[in-house]
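Novice: quick one: sequence plus predicted model below, questions after.
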Amino acid sequence: MAMCSFADRFSMFDVTPVENLFIEEYMLRAPGDYVKVYIYGLRLCYHPVKEASVTSIARALGLEEKTVMDAFAYWERVGVLRRTGDNPPTYSYFNLKGAGNGDIKDHVVQINASQYTPVDELLIPTGKLAFVTGTAFDFKTPKPVRQDMDNGKLPNGYDHNFILGDPGVMRTAAEVCEPETGRVMTVKTDKPAIQFYIGIGLDGENGKNGKKYNKYAGLCLESQFSPDTPNKPQFPTCVYKAGQTYRFTTVYEFSVR
């Protein structure tokens, strides 16, 4: 369970501009279904002196290279060997105060979605789409995570899927700001939905530097197809034919306001 944070407001200016973090290859197996998955990661850091070395990559990712301090990108390239459904989300936890430094309820969040997917008692989408306007799920205008928890609209908080649009279109899905430090995280993706989860299930897990991750210690913005998509034909499909290859990108971009 990874927490991502800055050591201080400007630490990212002193690191190597481009660093390959990982390349993974693994096979997912289910009865009759086989998927070969390649996950690529890139860490892109803005350096005021070496700006030219990151410009082309920044532009390719849709980043504003003159304002970005640090960005992390996931690429998924999947080759399907037999017809199968595949919906791997990005599932990183973030606390912009720093790992284990309190909770994220004062983080200010904006999600660029006008609809979300209501769920049943098991948190499975019902198949309907609902407009966020006037509800606790309306993050079109930035607001603190705690706002609609404290006023009773949604006391337990968020573990919900928001609709972004058609798959394959790169867009700014969300932005998170921590007001005390001014740290900002912008999430860009070409997936059609994003799950907003605020660590409701965290219960004292061991974290970095011996710290405990308790309830609300981190938030996730997970790019994905809507949950239960194979059983909901009205949602964009994540079922692929044999021989088909797909690729999606998610970028977490960091800066200071």
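Specialist: In hand now; what should we look at?

Novice: give me the buried positions along stretch 221-240.
Specialist: Along stretch 221-240, the positions that meet the burial threshold by neighbour count (16 or more other CB atoms under 10 Å) are 221-229, 232, 235-236, 238, 240. (C-beta placed from N, C-alpha, C; glycine too.)

Novice: stretch 171-183 too?
Specialist: The neighbour-count check on stretch 171-183 (16+ other CB under 10 Å) flags 173, 174, 175, 176, 177, 178, 181, 183 as buried.

Novice: and the two most separated of those residues?
Specialist: Of all pairs drawn from the buried residues of stretch 171-183, the widest gap by CB to CB lies between 173 and 181 and measures 22.1 Å.

Novice: which of the buried residues of stretch 171-183 sits closest to residue 254?
Specialist: Ranked by distance to residue 254 (CB to CB), the buried residues of stretch 171-183 are led by residue 183 at 7.0 Å.

Novice: my read: the closest one touches residue 95, true?
Specialist: No: with contacts counted by CB atoms under 8 Å, residue 183 stays clear of residue 95, the gap being 9.9 Å.

Novice: list the contacts for the nearest residue to residue 201 once chain neighbours are set aside?
Specialist: The shortest distance from residue 201 to any residue other than its chain neighbours is 7.8 Å, reached at residue 215 (CB to CB, 6 or more residues apart in numbering). Contacts for residue 215 (CB atoms under 8 Å, 6 or more residues apart in numbering) come out as 103, 199, 200, 201, 202, 203.

Novice: for residue 204, see how far away residue 215 is.
Specialist: When CB to CB, to the nearest Å is the yardstick, residue 215 and residue 204 sit 9 Å from each other.

Novice: residues that sit against both of these two, list them.
Specialist: The contact sets of residue 215 and residue 204 do not overlap (CB under 8 Å, 6+ apart).

Novice: just the helices in the stretch 151-257 of the chain please.
Specialist: For the stretch 151-257 of the chain, no helices are identified by DSSP state H, counting those that start in this stretch.

Novice: in it, where is pLDDT below threshold?
Specialist: Applying pLDDT under 70 to the stretch 151-257 of the chain picks out no residues at all.

Novice: can you give me the strands for it?
Specialist: 159-163, 171-178, 183-189, 193-197, 205-206, 212-213, 220-224, 239-240, 245-256 (DSSP state E, counting those that start in this stretch).
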